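Student: let's see this in three dimensions:
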Amino acid sequence: MNRMNLFLVTLITAAIVAGCSNVLSIGDGGADTDTATETDADTDSDTDTGSDTGPDCSMGEYSGDFTINTQSDVKTIAGYTSISGDLTINCPSCTDLSELFCLNSAGGGLAIWGSDALTNLDGLSAITSVGVYLAIGQNDTLTNLDGLSGLTSLDGNLTIWGSDALTDLDGLSALTSVGEDLGIQENTVLTNLDGLSGITSVGGSLNIDYNWALTDLDGLSALASVDGDLWIQNNAVLTDLDGLSGITSVGGSLFIGSNAGLTNVDGLSALTSIGVYLAIGQNAALTNVDGLSALTSVGWNLSISRNDALTNLDGLSGLTSVGGNLQISENATLTSLTGLGALTLVSGNLQISENATLISLTGLSALTSVVGFTQIEYNMFLLECEACDLLDQLTSGPTLIDVHDNLADLCTPVPASCP
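Tutor: You can find the predicted model right below:
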């Protein structure tokens, strides 16, 4: 064999050997690839497990305000543990907030409104504090607030309004105080306030208005004071105020109005002072105000009007002064004012008008001073001489006298001070 042929044989043999070696290498590599594939599968499996648990809560605080308008916005804020500003959830299409489970506080406000597809707030269960306000309203299918069960502190306002499917407030049971105003308004199927049973103080005003199915206020039984106004109005089937039995003072005004089923105010039996205004009006079934027997002063005006079943004012027997005006008007079955027997001073105006069955003013026998004007009018069964006798007993005031259209000319002579 010549040299050229020997070279070709050697080259071919080497190629064959190299090819076999590559085949072996590929075979060995295949085994390794299988192992890698198993590893990848393990990695994928681990990744899937991580996905099941959601975000890892490593994002820290979100700086500023954030608004959720779509379900994808929920993913954007997921993983943050707090937000320095306001969190607004105004998302008609959102059905699930579960990816917000890392969030434990909002430095600003938390507003959830106009989210008509939300049935619960379960994704917010880690939240323990809200700095400025919590507002929940007009979420058409939201039935409960259980997702807020971790909330213990609220420095600002709490407002729950216009939630037509909301049946209870039990999710707020850990909340002990509200720093500013508390409003429960226009919730058509809400029957009780039991979820507020931990609240002992309200730093601002308390408004319970237009809750058509609300039968009692027992959930407020731990409440001892209201620094601002207390409004109980337009709750059609509310029959009593027993849940307010712990309240000793109202720093602002107390308004009790247009509660068609309210028969008594006995729940206010511990109330001793009202800072500004007491108004009781248009409570069609209210027969007495005996629950106010501990009340000694009203800082400004006192108005009792349009309570068609109210027959007496005996519950005001402890009242000695009214800092502003005293108005008693349009109480269809009120026959006397005997409950005002301790009243000595009205620092504003005195108005007694249009009480269809009122026949006597002797209940005002201790009254000696009216600083403003006195108006007694349109009490069809009240002798005008009764009005004149009252004026005659005053030792100070009034600045102006207006007595007319009562039952006239049955008592003579008319006292000289009577016009």
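
Student: residue ranges in the stretch 151-300 of the chain under the pLDDT threshold?
Tutor: Low-confidence regions of the stretch 151-300 of the chain, defined by pLDDT under 70, are absent; no residue qualifies.

Student: would you state the strands of it in chain order?
Tutor: Counting by DSSP state E, counting those that start in this stretch, the stretch 151-300 of the chain has strands at residues 153-154, 157-161, 177-178, 182-185, 201-202, 206-209, 225-226, 230-233, 249-250, 254-257, 273-274, 278-281, 297-298.

Student: surely Ala408 touches Glu386?
Tutor: No: with contact defined as C-beta atoms under 8 Å, Ala408 does not count as touching Glu386 (11.0 Å). Bear in mind the C-beta positions are built from the backbone N, C-alpha and C, glycine included.

Student: picking that back up, will you turn the strands of the stretch 151-300 of the chain into a markdown table that also has distance to Gly323 and mean neighbour count?
Tutor: Formatted as a markdown table, the strands of the stretch 151-300 of the chain follow (distance: least, C-beta to C-beta, whole Å; neighbours: other C-beta atoms under 10 Å):
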| stretch | distance to Gly323 | mean neighbour count |
| --- | --- | --- |
| strand 153-154 | 32 | 20 |
| strand 157-161 | 28 | 22 |
| strand 177-178 | 28 | 21 |
| strand 182-185 | 26 | 23 |
| strand 201-202 | 23 | 20 |
| strand 206-209 | 22 | 23 |
| strand 225-226 | 19 | 20 |
| strand 230-233 | 17 | 23 |
| strand 249-250 | 14 | 20 |
| strand 254-257 | 14 | 23 |
| strand 273-274 | 10 | 20 |
| strand 278-281 | 11 | 22 |
| strand 297-298 | 6 | 20 |
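
Student: just so I know, which of those strands lies nearest Ser353?
Tutor: For these, distance to Ser353 was read as C-beta to C-beta. The smallest value, 13.7 Å, belongs to strand 278-281.

Student: what's that closest one packed up against?
Tutor: Strand 278-281 sits against strand 254-257, strand 302-305, with contacts defined as 3 or more C-beta pairs under 8 Å, 6 or more residues apart in numbering; DSSP states H and E.

Student: columns distance to Asn331 on top of the ones you listed, output as CSV?
Tutor: Output for the helices and strands packed on strand 278-281, formatted as CSV (distance: least, C-beta to C-beta, whole Å):
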stretch, distance to Asn331
strand 254-257, 13
strand 302-305, 7
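
Student: so who does the residue nearest to Leu382 when sequence neighbours are not counted touch?
Tutor: Counting by C-beta to C-beta, 6 or more residues apart in numbering, the nearest residue to Leu382 once its immediate chain neighbours are dropped is Asn406, at 4.6 Å. Asn406 makes contact with Ile376, Glu377, Tyr378, Asn379, Met380, Leu382, Leu383, Glu384, Glu386, Ala387, according to C-beta atoms under 8 Å, 6 or more residues apart in numbering.

Student: neighbours of the residue lying closest to Val189 once chain neighbours are set aside, just the number please.
Tutor: The spatial neighbour of Val189 that comes closest, neighbours along the chain excluded (C-beta to C-beta, 6+ apart), is Ala213 at 5.2 Å. Taking other C-beta atoms under 10 Å as the neighbour definition, Ala213 ends up with a count of 15.

Student: swap in Ala135?
Tutor: Residue crowding around Ala135 was assessed by other C-beta under 10 Å; the count is 20.

Student: direction included, what does the helix or strand hosting it pair against?
Tutor: Using DSSP states H and E, Ala135 maps to strand 133-137. Paired with strand 133-137 in the same sheet, following DSSP bridges, are strand 109-113 (parallel), strand 157-161 (parallel).

Student: which outside residues touch that strand?
Tutor: 109-113, 142, 145, 148, 151, 154, 156-163, 180.

Student: circling back: out of the strands paired with strand 133-137, which gets nearest to Ser297?
Tutor: strand 157-161 (28.7 Å).

Student: quick one: Asp389 and Leu361 touch, right?
Tutor: Yes: A contact is recorded between Asp389 and Leu361 when judged using C-beta under 8 Å, the distance being 7.4 Å.

Student: compare the two (neighbour count), which wins?
Tutor: Neighbour totals were compared for Asp389 and Leu361, and Leu361 leads with 24 against 19 (other C-beta under 10 Å).

Student: wait, the more buried one touches Glu384, no?
Tutor: No: proximity of Leu361 to Glu384 does not meet the contact threshold set by C-beta under 8 Å, at 10.7 Å.

Student: apart from its neighbours in sequence, what residue is nearest Ile222?
Tutor: Not Ile; residue 222 is Ala. The shortest distance from Ala222 to any non-neighbouring residue, by C-beta to C-beta, 6+ apart, is to Thr200 (5.1 Å).
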